[in-house]
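Visitor: take this sequence and fold it.
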Amino acid sequence: MSRARQPPLVTGISPNEGTPWTKVTIRGENLGTGPNDLIGLSICGHNCLLTAEWMSASKIVCRVGPAKDDKGEIIVTTRSGGKGTSTVSFKVLRHEKIGILDQSAVWVDEMNYYDMRTDRNKGISPLSLRPANPLGIDIDKGKVPLKDLESMFPGMSGDFTSENFSATWYLIENHSATSFEHLRVASGNLKKQASKKNEGSLAYVKGGLSTFFEAQDALAAIHQKLESDGTEKVEGSMTRRLENILNRASNTADTLFQEVLGRKDKADSTRNALNVLQRFKFLFNLPLNIERNIQKGDYDVVINDYEKAKSLFGNTEVPVFKKVYAEVETRIGALRNLLLDKLLETPSTLHDQKRYIRYLSDLHAPGDPAWQCIVAQHKWILQLMQNCKEDFIKEQRGLELDGELRSSALSRISHTASLKRGSSFQSPRDDSWQYKSPQQVRFVEKLSDVVISQLPNFWKLWISYVNGSLFSETGEKSGQVEKLKKNARQRQNDFKGMIEEVTRRLVQLVRGALLPTTLPQEQRRLYGGWDTKTIHPGAWLTQVIHTIRLTHDALSALEIPNDMLQVIQDLLLDLRMQCLLTTLQQTAEDVKRLPEKEDWIVDNEGITSLPALFEQCMVQMLQSLKEPMECKPGEANKVCFIALSDTVSGLGAILCGLYIFYIYVASPPQAFINCLEQLSTKTDGDIDTSHLSVEMGSPDVFGSIHEDFSPSPEQRLLIILSNCQYLERHTFLNLAEHLEKHGFTTADKITRVSREAVCELDERLFESYIEKKSDPIVGSLEPGIYAGYFDWKDCLPPTGVRSYLKEALVSIISVHAEVFTVSKELVPRVLSRIIESVSEEMSRLMQCVSSFSKNGALQARLEICALKDAVATYLTSESLASFKQALEALPQLQSGADKKLLEELLNKFKSSMQFQLTCFQPSSVQPVKR
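Guide: A predicted model of the protein is given here:
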C-alpha cells in the first residue's frame, strides 16, 4: 500500500546556498508519513540523513554536509514513496584553503581547518549536530509558566544538553498535550537513534582494524629487533642515537621556522587582543558612548547600556574589565547627580519630574529622589506665593511714591441721580476694570493662579509616588517599588502637613491683604505690609470671594480631603461676613448722602426722586450681596452663625440670625428717615437751587406754580410726608419682593421694622405740620367770636354767619390748597385733623358760655351748623363728637320760625361761599399712577 503513494517531490530549499554544515529547510510534497518513513536524504550527492529532522509531510530540516559537488539536487527517499525528485538545487560555498605557512590578509580560524586526508571538519562541536527535536514528533508547547516548572523541579533543567536535564520537565514543557500513542512513537525513535549510533561506532572500529594490526606489528618488530641486538643497554644505542637525531631535527626545525613561529605568536597575540576588543567592544566603548548619549539627552540608552554592563561585568575579576567598569561607574555617578539636579530644578513639568524619577530609579540612585522632588516642589510653591506678595507690595509702594495710585471705588449712586423711579440699575464695569482694581484684589487673583497652577501637579506627583507608578519595570523587578511604596506610606503625615501648609499660607496671605485684623500681631508682620487705609468696596470683596471659591473648587476636584481645605472654608466665611458688613456700611453712607441729591421736584403724586434713589441703593446692595450670601456646598451658613452669636448676646427683641441685617438693612431706611427729618427742618437759606413743580392729570384750579418757586418749610414738610407715605405703601413692598427674590427669608420682618420707623417719623412730622397750621386757625376763633364785645346773652337777631368763621374757613381752604398742590392724597388726612382741632375748640368755647339768649343760641347754632356742613366731607368721629357736644351745649330751638330762619341763613351762607366751598367737595381728578 505504501508503494502506491506518490514519490517525494522537493519544491523549495531555504537558504539555497551556503557553506558545509549550513542548516536548511526543505519543503515539498510527499516527504514521508513520519520520521521512520524517511530512509534517505542527499544534498549535492552527500548523505544528510544523519542530521535530518522530519517535521511534516511537506517540511524537513537538516544540515548540508561537505558535499563533493558544488551544486546539486536535493533527493528525498521514503519507504512509502521511494526515491523522489527535485525542482530546485543547492549551491555549496567552498572555503579557501590556506596553508599554515601562507600569508593571509585575514585570520583563518584553525578550529575550522579541514583535514584533507579524512575530509572531516574538526571545528564542529558534536552538540551542534544534535537534532533540535530528539523525540521526532511535533512539539506542542504547553502553557505551564516557567516559574512553576522551576519551583516543581528545583536545580533541574528542561534543556537536554544540560548536565541537570530532567526528562519530566522536558515532556511537560514541550509535549504536555501530546497523546500517549505519539509518545510511544517517540520512544521508538529514541531507541532507533541509539542503535544507529552504536552501529556507527562499531563500523568505524571495524573499518580501521587493519591499520591497528599494522601498527601493532611494526611496534612488535622494533621491540624484537632491539632485544636481539642487545644494544639498548649500551651507551650510544639505537634509541639514544634516535633521540639525538630527533633533538637535532627539532633544533633545525626551530631554526628554520623561528621567524615564522615568531610571526605566528605575534599574530596570535594580536588576534587575541583583537578578539578581546571585538568581543568586548561594548564595554570598552561604553564610557565614551555614555558621555555622548548624555549630551544628546538619550538617558534611556545610557540606562540600558549600564544595566547590560552591570549584569556582565559587575562582578568581574579581570583587571582590564574592572578598570573600564570603574570608569563607567564614575560616568553613571555624574549622570545621577545631573538627573537629580534636573529633578530638583524649578519650574518643571510633571512629565519631566516623573521621567527623571524613573531614570534615577533605574540607576539605583541613593536615597529617595521622588520624595526629594516633592520636598523641593513644596518649597518652590511657598516661595512663589511669597514672591507674589512681595512683588505686589513693591508695585503698590511704587505707585504711592509716584502719585499714580488709582482709586478702586465703584461708581455708585452719584452716577444715577438722573434715573427715573422704576428704572433698572446695573453696576458699571468698563474696559478699564482690571486697571482700576486694587492691588490686593489683583494680588489674590494672581496668588490663586499660582496655587491652582502648581498644587494640582504637586498632588498628582504624590499620588504617583504612593501607587508606585513613578518607577519603571526594572525598579519593580528589583523590589525597589515596594520599598518606596513603604516609604510613601510612612510619609503620608509629612505630605499632609505640606498640603496644609500651602493652604494655610494661601489663607494667611489673603487675610494679610484683606483681613489683617483677623491675624495675630506676629503673623500680621509676616503676611501683611499692605496699605490698610483704603477700604475696599463690597463689589471687590465679592470678586475676591468668587476667586477663592474657584480655587477651592479646583482643589476639591483633585480629591484632596476636606479637612485639608477647611482653612479655605473659614476664610470664605470671614470674607463673606466682611463683604456683607462693608456693603451694608457703604449703603448706609450712601443713604445718608441722599439729602444732597434732593431737588424738591414733585410729580403728580407729590413725591420727589428721593424714594426712587433710596430704592436704587437698596436694590444695588441686594444685587451685590447675591453671591456672598449664596451658600455653596460645604460652606457654613452665615445666618446660622449670626443667629448663634445673637442668641448668646441676648438679643431677644430681634429674631435670631437677623441682627446684622437689621443693623444695616433696616438702618438705611432709618438713615433715610433721619435725612428726611433733617430736610424738614432746613430753612429757605439752607436750600440750594431747588424748584417745585406740579404735574397734574387735569387743570389745576389754583393755577400753576412758578418754576423758580422755593418751597416753604410747611411745603417741605408736606413733600416729606408724601415721600414717607410712598415709602410705606410702595417702596417697602418693592424691597420686600427684592429681598425674597435674593433669598432673604425674613423680608417681612425687615419690612415691618422699616415701616414702623417710617410711620413714627411720619407721625412726628405730621403732628408738626398740623400744629403749625391748626394753631393759628384755632387761636383766631375765640377772638373772632367775641370781637366787638359780642355777648351771647345780649345780641341782635342773626342775619348771617359772622366774619370770624368765614376767615377760619378761608384759612382751612388755604391749607387745602397748599396740601393739594403737593399731594392730593394727603388732603383728607390733613384737613380731617385740622377740622378736629377746630371742632374741639368750638365745642370748648360753647361749653364755656354760661347762658345763651334766644338770639345768641340761634347765632351759635347757625355758625356751628355752617361750619359743620362746609367741611362735612372731612368730618371724623372725633370731629362729629365735638360738634355734637357743641350743639348740645346750646338751648334747643322751640319755634318753627327759628328753624326756618336757621335754614334760610344756612342756605344764604352756602350760596355766598359756593365757590370757596367747592374745594371741600370730592375731586374727580385721580392721580396718575407710576
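Visitor: nearest residue to the most centrally placed residue in the chain other than its sequence neighbours?
Guide: The residue lying closest to the centre of the chain (CA atoms, centre = their mean) is residue 554, at 3.3 Å. Closest residue to residue 554 apart from its sequence neighbours, by CB to CB, 6 or more residues apart in numbering: residue 452 at 4.8 Å. Every residue, glycine included, has its C-beta placed from N, CA and C.
Visitor: do you know how far that neighbour is from residue 510?
Guide: Distance, residue 452 to residue 510, by CB to CB, to the nearest Å: 14 Å.
Visitor: compare those two (neighbour count), which wins?
Guide: Between residue 452 and residue 510, residue 510 has the larger neighbour count (other CB atoms under 10 Å), namely 25 against 15.
Visitor: where do the helices sit along the stretch 51-200 of the chain?
Guide: All helices of the stretch 51-200 of the chain, identified by DSSP state H, counting those that start in this stretch, fall at 146-152, 167-174, 180-207.
Visitor: lowest mean pLDDT across those, which one is that?
Guide: Among the helices of the stretch 51-200 of the chain, helix 180-207 carries the lowest mean pLDDT, a mean of 73.
Visitor: whichever helix or strand comes after that one packs against which elements?
Guide: Later in the chain than helix 180-207, the nearest helix or strand by DSSP states H and E is helix 209-229. Under the contact criterion of 3 or more CB pairs under 8 Å, 6 or more residues apart in numbering; DSSP states H and E, helix 209-229 touches helix 238-279.
Visitor: now whichever strand or helix holds residue 379: average pLDDT?
Guide: Residue 379 belongs to helix 369-402 when assigned by DSSP H and E. Average pLDDT, helix 369-402: 82.
Visitor: just to revisit the earlier point, buried residues, the helix or strand harbouring the residue nearest to the centre of the chain. List them.
Guide: Per DSSP H and E, residue 554 falls inside helix 538-556. Using 16 or more other CB atoms under 10 Å as the test for burial, helix 538-556 gives 538-545, 547-549, 551-552, 554-555.
Visitor: with stretch 884-893 instead?
Guide: Under the neighbour-count criterion of 16+ other CB under 10 Å, stretch 884-893 has 885-887, 889-890, 893 buried.
Visitor: reformat those as a markdown table; add secondary structure, distance to residue 319 and pLDDT.
Guide: Putting those into a markdown table (DSSP: H, G, I helix; E, B strand; the rest coil; distance: CB to CB, whole Å; pLDDT from 0 to 100) gives the following:
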| residue | secondary structure | distance to residue 319 | pLDDT |
| --- | --- | --- | --- |
| 885 | helix | 140 | 91 |
| 886 | helix | 142 | 89 |
| 887 | helix | 145 | 89 |
| 889 | coil | 146 | 87 |
| 890 | coil | 150 | 88 |
| 893 | coil | 155 | 81 |
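Visitor: for the residues you listed, which one is nearest residue 493?
Guide: Proximity of these to residue 493, judged by CB to CB, is greatest for residue 885, which lies at 91.9 Å.
Visitor: nearest residue to the closest one other than its sequence neighbours?
Guide: Leaving aside its sequence neighbours, residue 885 sits nearest to residue 843 (CB to CB, 6+ apart; 4.4 Å).
Visitor: ok, residue 51 next?
Guide: Per CB to CB, 6+ apart, closest to residue 51 is residue 63, 4.2 Å.
Visitor: gap between that neighbour and residue 40?
Guide: Counting by CB to CB, the separation of residue 63 from residue 40 is 16 Å.
Visitor: and these two? Which one has more around it.
Guide: Neighbour count, other CB under 10 Å: between residue 63 and residue 40, residue 63 has more, with 20 against 17.
Visitor: tell me what that one is bridged to.
Guide: Note on residue 63: beta-bridge partners residue 23, judged by DSSP bridges.
Visitor: low-confidence ranges in the stretch 1-150 of the chain?
Guide: By pLDDT under 70, the low-scoring segments of the stretch 1-150 of the chain are 1-4, 95-132, 142.
Visitor: switch to 50 and redo it
Guide: Flagging of the stretch 1-150 of the chain using pLDDT under 50 yields the residue ranges 1-3, 105-106, 110-129.
Visitor: the stretch 1-150 of the chain: strands as residue ranges?
Guide: Listed in chain order, the strands of the stretch 1-150 of the chain (DSSP state E, counting those that start in this stretch) span 9-14, 17-18, 23-29, 38-43, 46-47, 53-56, 59-63, 71-78, 82-83, 85-86, 89-92, 114-115, 120-121.
Visitor: and the contacts of the fifth one?
Guide: Under the criterion CB atoms under 8 Å, 6 or more residues apart in numbering, residues 40-41, 64-68 lie in contact with strand 46-47.
Visitor: got the contact list for the nearest residue in space to residue 172 that is not next to it in sequence?
Guide: Once flanking residues are discounted, residue 172 sits nearest to residue 144: 5.9 Å by CB to CB, 6+ apart. Residue 144 makes contacts with 172-173, 176, as judged by CB under 8 Å, 6+ apart.
Visitor: before we move on, the earlier item: among the strands of the stretch 1-150 of the chain, which is nearest residue 373?
Guide: Of all the strands of the stretch 1-150 of the chain, strand 23-29 sits nearest to residue 373, with 53.4 Å by CB to CB.
Visitor: what does the closest one contact?
Guide: Residues contacting strand 23-29 (CB under 8 Å, 6+ apart): 6, 8-15, 18, 41, 43, 57-64, 74, 76, 84, 86, 90.
Visitor: which elements pack onto the host helix or strand of the residue nearest to residue 554?
Guide: Assigned by DSSP H and E, residue 452 falls within helix 439-467. Counting contacts by 3+ CB pairs under 8 Å, 6+ apart, helix 439-467 packs against helix 350-362, helix 369-402, helix 480-490, helix 492-514, helix 538-556.
Visitor: would you convert those helices into a markdown table that also reports distance to residue 220?
Guide: A markdown table is the format used below for the helices and strands packed on helix 439-467 (distance: least, CB to CB, whole Å):
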| stretch | distance to residue 220 |
| --- | --- |
| helix 350-362 | 73 |
| helix 369-402 | 83 |
| helix 480-490 | 75 |
| helix 492-514 | 94 |
| helix 538-556 | 106 |
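Visitor: for residue 866, which of those helices is the nearest?
Guide: Here helix 538-556 is closest among these (CB to CB), at 62.8 Å.
Visitor: wait, what's in contact with residue 370?
Guide: Shown in contact with residue 370 (CB under 8 Å, 6+ apart): 357, 461, 465, 470, 484.
Visitor: closest to residue 920 among those?
Guide: Among these, residue 461 lies closest to residue 920 (CB to CB), at 89.8 Å.
Visitor: that closest one: how many residues sit nearby?
Guide: The local packing of residue 461 (other CB under 10 Å) involves 20 other residues.
Visitor: how close does it get to residue 343?
Guide: According to CB to CB, residue 461 and residue 343 sit 11 Å apart.
Visitor: name the residues contacting each of the two.
Guide: Going by CB under 8 Å, 6+ apart, residues that sit against residue 461 and also against residue 343 are 353, 373.
Visitor: quick one, phi/psi of the residue nearest to residue 172?
Guide: According to degrees, to the nearest 10, the main-chain angles of residue 144 amount to phi -80, psi 120.
Visitor: same deal with residue 491?
Guide: When read as degrees, to the nearest 10, the backbone of residue 491 gives phi -100, psi 10.
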